[in-house]
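With the input below, show me the fold.
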Amino acid sequence: MQQEEKSFFNIIKFKVPVYLAVATVIWFTARKFGFPIWWRIEFVAFATVGLLFFIVLDLPSMKPEKGTLNWVLRLLGTYAFASLLFITITRQLPQFDPQVEVDKLNKPPVKLSGLAGPEVIAAGRRVFEENKCFNCHKVFWEGNSDRGPNLGTKQIGLYPDDYIKEQVLEPRKQQAPGFDDEKSKKAMPTYYGEDLSEDELSALVAYMRTMRDPTHIPVEGKFGEQWTWWDDPQIIEQGKTVFEGVEPATEGLNCSVCHGKDGIPMMTGAFDFRNADGKDTTKVPGDHVEKPLKEWPDALWYKRVTRGVPETPMAPWGTIFPHLYLWKAEAYAKTFHDPLDKRAEKKPVPPVPTKEEVESWKKDGMFLDPLL
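From the prediction side, this is the model:
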């Protein structure tokens, strides 16, 4: 008994939903393991080819060939179709251009003599790109993989030059928080000390020093398992030393003189960090946030500490001390009304800033350093 041929709808009604489910799993699994977006597209493209293959298998039987010419043409047509499909998909992927690689080899080395600040930063970005750093590190929204820390949300630019150089030249010496597993320890190459000239390294550091965010506290950890400094016990402990004036890197800064070691203000008018419903100052013209302390955005903490409050002892500490330590002091100050051991859940990790937001920080003067 001859089996009745299936309609095209019956052929695809089960296969297409299964394909969509498989393609979704492939996409998100590949992203979780840090594959660049073009690899993910290629994986899904192969799944698409598989869908077409299984659809073809179930299509109605073709009529018997009437002669040699017919089956030869049909065979060549099938081969041409498969080739066209493969070429169409693969030509969308990044293509290797030998001339681009030759141009990179012949490009003159970076020389910093005679260059101004912005030009040095631009040269550092070229070094970052040419050494494929974007293959493992994102800088805010830019980059192909989350294999290494997002240097923008981590705010590597807050750290001193020597620390950044050490991370580039001796990456095994001190792993970034959340990247201390064996696979991550081996991911960062150790040959940059030989490959980069002193000028290239200096330019690279200058570029990396621009990776800061004045609107959010730094974020640590791998994508999907991240946390902010508000929830980092080690950072909070370091912030306590800054707050109480015993951190050597911020000698001369002692927040507890006014705000009190136990949170009880020692000076009239000093902000009481114990009061979760405390209000923002009204002494900064045109800049007042009508939210209680427990709802303050990160940007407000940053502005009040780095820019100070006019006509008060709250000086613009950001013009005197490294902002790395000021963020840590803020993380500790928050614990007076929001103790870490009393929190039921971690603070949400902020979304990655967009290109427009990053540009607005410079335009609106959010940085105290004019080069940033």
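
my guess is residue 156 meets residue 164, correct?
Yes. Using CB atoms under 8 Å, residue 156 is in contact with residue 164, at 6.4 Å. For every residue, glycine as well, the C-beta is placed using N, CA and C.

anything in contact with each of those two?
residue 208 (CB atoms under 8 Å, 6 or more residues apart in numbering).

which residues of the chain score low on pLDDT?
1-5, 34, 62-63, 65-66, 93-96, 100-107, 113-116 (pLDDT under 70).

As a check, name the ranges of all helices in it.
8-32, 37-58, 68-90, 98-106, 117-130, 161-169, 182-187, 192-195, 198-208, 233-243, 256-259, 298-307, 323-334, 355-363 (DSSP state H).

Run the angle between the first one and helix 37-58 for me.
Computed with axes from the mean of the first three to the mean of the last three CA atoms, to 10 degrees, the direction of helix 8-32 lies at 160 degrees from that of helix 37-58.

List the contacts of helix 8-32.
39-40, 43-44, 47-48, 50-51, 54-55, 58-59, 224.

most tightly surrounded among the helices of the chain?
The highest mean neighbour count among the helices of the chain, using mean count of other CB atoms under 10 Å, belongs to helix 323-334: a mean of 23.

list the helices and strands that one packs on?
For helix 323-334, the packing partners by 3 or more CB pairs under 8 Å, 6 or more residues apart in numbering; DSSP states H and E come out as helix 233-243, helix 298-307.

mind giving me TSV with these and columns for distance to residue 126?
Below are the helices and strands packed on helix 323-334 laid out as TSV (distance: least, CB to CB, whole Å):
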stretch	distance to residue 126
helix 233-243	33
helix 298-307	30
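
Figure out which of those is closest to residue 359.
Evaluated with CB to CB, the helices and strands packed on helix 323-334 place helix 298-307 nearest to residue 359, the distance being 15.9 Å.

For residue 55, see how far away residue 26 is.
Counting by CB to CB, to the nearest Å, the gap from residue 26 to residue 55 is 18 Å.

which residue packs closest to the most centrally placed residue in the chain, ignoring adjacent ones?
The residue lying closest to the centre of the chain (CA atoms, centre = their mean) is residue 150, at 3.0 Å. In space, and not counting its chain neighbours, residue 150 is closest to residue 138: 4.4 Å by CB to CB, 6 or more residues apart in numbering.

Break this structure down into its domains, please.
For the chain, automatic domain parsing gives the domain ranges 8-59+72-90, 110-212, 227-348.

mind checking the end-to-end distance for the shortest one?
Pointing back at domain 8-59+72-90 there. 28 Å (CA to CA, to the nearest Å).

ok, now the longest one?
Across domain 227-348, the terminal residues are separated by 8 Å (CA to CA).

i'd like the first residue to be 30 from this point on
Happy to do that; since the first residue is 30 now, the last one works out to domain 256-377.

Off-centre distance for that domain?
Here domain 256-377 is found 25 Å from its chain centre; the criterion is CA atoms, centre = their mean, to the nearest Å.

what does stretch 244-264 give?
Worked out by CA atoms, centre = their mean, stretch 244-264 lies 12 Å from the chain centre.

Could you do stretch 61-71 as well?
Centre to centre, stretch against its chain (CA atoms, centre = their mean), the figure for stretch 61-71 is 16 Å.

With only the CA atoms kept, save that stretch in CSV.
Extracted C-alpha coordinates of stretch 61-71, given in CSV (Å, rounded to 0.1, in the frame of the first residue of the first chain):
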residue,chain,number,x,y,z
LYS,A,61,27.2,31.8,28.3
PHE,A,62,30.5,30.2,27.3
GLY,A,63,31.8,33.5,25.9
PHE,A,64,31.7,32.8,22.2
PRO,A,65,31.8,36.0,20.0
ILE,A,66,28.5,36.9,18.3
TRP,A,67,29.7,35.8,14.9
TRP,A,68,30.4,32.3,16.2
ARG,A,69,26.9,32.2,17.6
ILE,A,70,25.5,33.2,14.3
GLU,A,71,27.5,30.5,12.6
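
picking that back up, switch the domains of the chain over to a markdown table; also include distance to residue 399.
As requested, the domains of the chain are exported to a markdown table (distance: least, CB to CB, whole Å):
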| stretch | distance to residue 399 |
| --- | --- |
| domain 37-88+101-119 | 35 |
| domain 139-241 | 8 |
| domain 256-377 | 12 |
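
Tell me which of those domains sits nearest to residue 249.
Across the domains of the chain, the minimum distance to residue 249, taken as CB to CB, is reached by domain 139-241, at 4.3 Å.

what separates the closest one from the chain centre, distance-wise?
Counting by CA atoms, centre = their mean, domain 139-241 comes out at 13 Å from the chain centroid.

Would you check that the residue nearest to residue 179 makes contact with residue 174?
Yes. Residue 167 lies in contact with residue 174 (CB under 8 Å); the separation is 7.3 Å.

of those two, who's got more company?
More neighbours surround residue 167 than the other of residue 167 and residue 174, with 22 against 19 (other CB atoms under 10 Å).
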